[in-house]
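Asker: Kindly generate the corresponding structure for this input.
(2 chains)
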Amino acid sequence: MKRTIRIASGQGFWGDWLEAPVRQVEAGPIDYLMMDYLAEVTMSIMQKQRSRNPELGYAKDFVPLMRRLLPALVRKGIRVTANAGGVNPMACANAVLAEARDAGLNGKVAVGVVTGDDLLPRLEELLARGHALKNLDTGERLTTVLDSVQSANVYLGAWPLVEALSRGANVLITGRVTDTGLTLAPMIHEFGWAPDDWERMAAGTVAGHIIECGAQCSGGNCMYGWERIPDMHDPGYPIVEAHPDGTFVVTKHDGTGGRVSVPSVTEQLLYEMGDPQDYITPDCVADFTTIVLKKDGKDRVGVSGIQGRAATDSLKVSVSYLYGYKAVGTLVYAWPDAVKKARAADKILRARLDRLGLAFDELMTEIVGVDATHGRLAGPPDPEIAEVQLRVGVRARSRAPVERFSREIAPLILNGPPGVTGFASGRPKVEEIVAYWPALIPKSEIHPKVEILEA
Amino acid sequence: MTSKKSRKATKKVRLLELAHARSGDKGDTANVGLIALKAEYYPILERQVTAARVAKHFRGVIEGGVERFTLPNLRALNFLLHGALGGGGTLSLKTDAQGKVFSTALLRMEIDVPQSLRV
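Answerer: Numbering: from 1, shown residues only, chains lettered A, B, ... in the order given. Presented below is the predicted three-dimensional model:
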C-alpha cells in the first residue's frame, strides 16, 4: 500500500480556468487529477445538447484537454477522475479514446465509464412503482411537473469509481457522481478502506469538499487577507496528500501563486454548508464539527479528527424541468441625480407594464451601485454618485409577457429621464428557466454500471 | 438592563473587524459561514451573533427565518438565511442569485465588545 497519495483538483466547475489541470500535471508530482464539471444547471444544458445531437451532452472542453494531457498522464502514471460525462458519458469516453489512438497511445489508456445515474428513461416506471419523487423543499409530487421534465439524474457516490480503478482504468469518466466521490474513490482504492469505515469515508469526503471548488480553498475568492495573497495570475490549485489513516494535508505545487492556509481552507469548508453535523453524501454522513485544521508549514494545512456516521439508505435525485421565462434589462444613469433618474425610469416602466396588462410572477428592480447586493443594509446612496445601473427583471410562466417586457427598456432612452446610456448590448434576452426538483430515491433502485474501454 | 458602568466599558465594532466569511446557496437559502479572525473573538461572536440578531439584521432583505449552527473547532458559525435569493437558482432575478455576497452583508453588522478588546 502507498503511504501517501496526491490528489490534485484541476477544475472546480465547467468553465473553470483551462490552464489549471495542465499546471497540476506539469508543475510537480501528483497521482490523481480530479475534475468536477457538473453543477445542477449543467445537466439540463447537456440534456438539451444531447436531444439535438446524440453524440453530445458532455463537457466538450474535456476532450481537447485530454488530448493535451494524455501523453504526460500516461508517462507519469497519473489517473484521472472526472464527471465530465454529463448526460452522455459513453460519447465522452469514445471521443477521448479517439484522441488517445490518434496520439499513438494504443494499449496505454483504459477509460472507465460510470453510468446508471440517468433516470430520465426510468421516470414513468419509478413513479408507477410508487416512488413519488416528492420535492424535498415543497413536498409536491413529481407528477405535477412530469410533462416539463428535462433531465433526471441520481447522485452516485465513490464506489462505482473504486470498481473502475480496481479494474485498471486510468481515465474515469462519469455522469452525475458527487463532487466529493471523485476525491474519495482514489483513497478507498489505494488504501483498501472498508465501505463501513465511516470515519475514513467522512475524511475522504471532507477532503473532496475542500478541493471540489478548485482554487476557492487555495487563495481564490478568499476574503482573509486577499490583498496579500501572492501571484494570483498563476494560482496553485489545491492538492490533497492523503494518508491511509484518513488524515490528510491540503497543499499546492511549489512555485505557484495563491495561498493554502487555515483561513483559506476554513472559508471553503463553510461554503454551501447546511447543518455541519449532517453532511450527507451517498458514501457516509460527515460531521464538520469534528474537523481539526493545523498549519503544517508554508502553504500546507493538516486535516485530522474527522468523524462520520453510516450512510443513509437513499440517494438524492436532481430533476430539472421547464418552469417558465425570464428577462433582465439594464440602463445606466449618470450624474447629476443618477439615483433619482434611475428610480423615475423604473416608475415609468412599471406604469407602462401595468397599462399593458402584463402579468408577471415577479417584477424586480435593483439599482446597481445602491442596493443590488446588500439591499437596505448598504445605507443611503451618495447623492453625488457618478453613475448607477437600473436593473429590472421579470419572470412569468408564459413567454409572451416576458417578450413584451423586453421591448419596453430601449424606448426609455428617448422617452424617459435624461442622462441615460449603456444600452449597447441591445434588447434583453428572453431566457427559458429550467428549475430544479430535488428528491430522494431508495439506494436499492439504483444500479450503477462500470465499463472499461481500451484505446 | 445595561448599567451605566458596563455601557462605558464597551464599544461598537463591525463584524468586519472581528471575522471573515464565505457564503453560498442551496435553493432559495443562502448560507453564511462567519469565521473569527482570532481565537479570542469566537466566544464573543458565539454570544452575540445569535440567529435572532442576524434575522433582525437581514429584516427586509430576506423573506424567511434564520438558523444558526456552531463550529467551535473552526471558530466559526454557520447561518442559513431562508428565502434570501428571490426563488433561488435559475428562478432568481437578483444580481446575487447564488448568495455569494451575503457574507459581506453580514459583516456590516455591529456588535458590542469590551472596550479593552484589541481589534
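
Asker: Sketch out the helices for chain A, chain order is fine.
Answerer: Using DSSP state H, the helices assigned to chain A run over residues A:19-26, A:40-52, A:62-76, A:89-102, A:123-128, A:159-166, A:181-191, A:198-211, A:262-269, A:338-355, A:399-405, A:411-415.

Asker: again with chain B
Answerer: Shown for chain B, the helices assigned by DSSP H span residues B:4-8, B:42-48, B:51-57, B:102-107.

Asker: how distant is the last one from the center of its chain?
Answerer: Relative to the centre of its chain, helix B:102-107 is centred 7 Å away, using Cα atoms, centre = their mean, to the nearest Å.

Asker: Same check on the third one?
Answerer: How far helix B:51-57 lies from its chain's middle: 8 Å, per Cα atoms, centre = their mean.

Asker: Give me the buried positions along that helix.
Answerer: Applying a neighbour-count criterion of 16 or more other Cβ atoms under 10 Å in any protein chain shown, one finds B:51, B:54, B:55, B:57 buried in helix B:51-57. C-betas here are computed from N, CA, C, even on glycine.

Asker: which of those residues come close to chain A?
Answerer: Among the buried residues of helix B:51-57, the residues that sit close to chain A (Cβ under 8 Å from any Cβ of the partner chain) are residue B:57.

Asker: Identify each buried residue in stretch A:7-17, please.
Answerer: Buried residues in stretch A:7-17, defined by neighbour count with 16+ other Cβ under 10 Å: A:7, A:8, A:9, A:10, A:11, A:12, A:13, A:14, A:16, A:17.

Asker: Could you find the closest non-adjacent residue to the closest residue to chain B within the stretch 201-350 of chain A?
Answerer: With distances taken as Cβ to the nearest Cβ, the stretch 201-350 of chain A approaches chain B most closely at residue A:270, which sits 2.4 Å away. The shortest distance from residue A:270 to any residue that is not its chain neighbour, by Cβ to Cβ, 6 or more residues apart in numbering or on different chains, is 2.4 Å, and that residue is residue B:33.

Asker: if we can go back for a sec, would a markdown table of the helices of chain B with distance to residue A:40 and mean pLDDT be doable?
Answerer: As requested, those are arranged in a markdown table below (distance: least, Cβ to Cβ, whole Å; pLDDT from 0 to 100):
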| stretch | distance to residue A:40 | mean pLDDT |
| --- | --- | --- |
| helix B:4-8 | 49 | 56 |
| helix B:42-48 | 32 | 98 |
| helix B:51-57 | 27 | 98 |
| helix B:102-107 | 19 | 98 |
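
Asker: how far off helix A:89-102 does the lowest-mean-pLDDT helix or strand in chain A point, in degrees?
Answerer: Confidence across the helices and strands of chain A bottoms out at helix A:40-52, with a mean of 87, counting by mean pLDDT, DSSP states H and E. If you take axes from the mean of the first three to the mean of the last three Cα atoms, to 10 degrees, helix A:40-52 sits at 80 degrees to helix A:89-102.

Asker: Does chain B have contacts with helix A:40-52?
Answerer: Yes. If you take Cβ under 8 Å from any Cβ as the test, helix A:40-52 does meet chain B, through A:40, A:41.

Asker: mind checking how far that helix is from the chain centre?
Answerer: 14 Å.

Asker: contacting residues around that helix?
Answerer: Outside helix A:40-52, the residues that touch it by Cβ atoms under 8 Å, 6 or more residues apart in numbering or on different chains are A:13-14, A:56-59, A:86-88, A:120, A:150-151, A:153, A:176, A:318, A:320, A:434, A:436, B:89-90.

Asker: need the residues of chain B near chain A, please.
Answerer: For chain B, the residues in contact with chain A (Cβ under 8 Å from any Cβ) are B:20-28, B:31, B:33, B:35, B:37, B:57-58, B:60-61, B:69-74, B:76, B:78, B:80, B:86-87, B:89-91, B:93-96, B:101, B:103-105, B:108.

Asker: Check those residues for burial and list the buried ones.
Answerer: Applying a neighbour-count criterion of 16+ other Cβ under 10 Å, the buried members of the residues of chain B next to chain A are B:20-28, B:31, B:33, B:35, B:37, B:57-58, B:61, B:69-71, B:73-74, B:76, B:78, B:80, B:86-87, B:89-91, B:93-96, B:101, B:103-105.

Asker: Strands - which of those residues land there?
Answerer: Secondary structure assignment (DSSP state E) places B:20-26, B:31, B:33, B:35, B:69-71, B:76, B:78, B:80 from those within strands.

Asker: re earlier: closest one of the buried residues of helix B:51-57 to residue A:419?
Answerer: residue B:57 (34.2 Å; Cβ to Cβ).

Asker: what about residue 18, how many neighbours?
Answerer: Reading this off chain A. Look at residue A:18: counted by other Cβ atoms under 10 Å in any protein chain shown, it has 13 neighbours.

Asker: wrong chain, I was asking about chain B
Answerer: A count of neighbours around residue B:18, defined by other Cβ under 10 Å, yields 24.

Asker: thinking again about what came up before, now for the helices of chain B, which one comes closest to residue A:423?
Answerer: Taking Cβ to Cβ, helix B:102-107 is the member of the helices of chain B nearest to residue A:423, at 29.6 Å.
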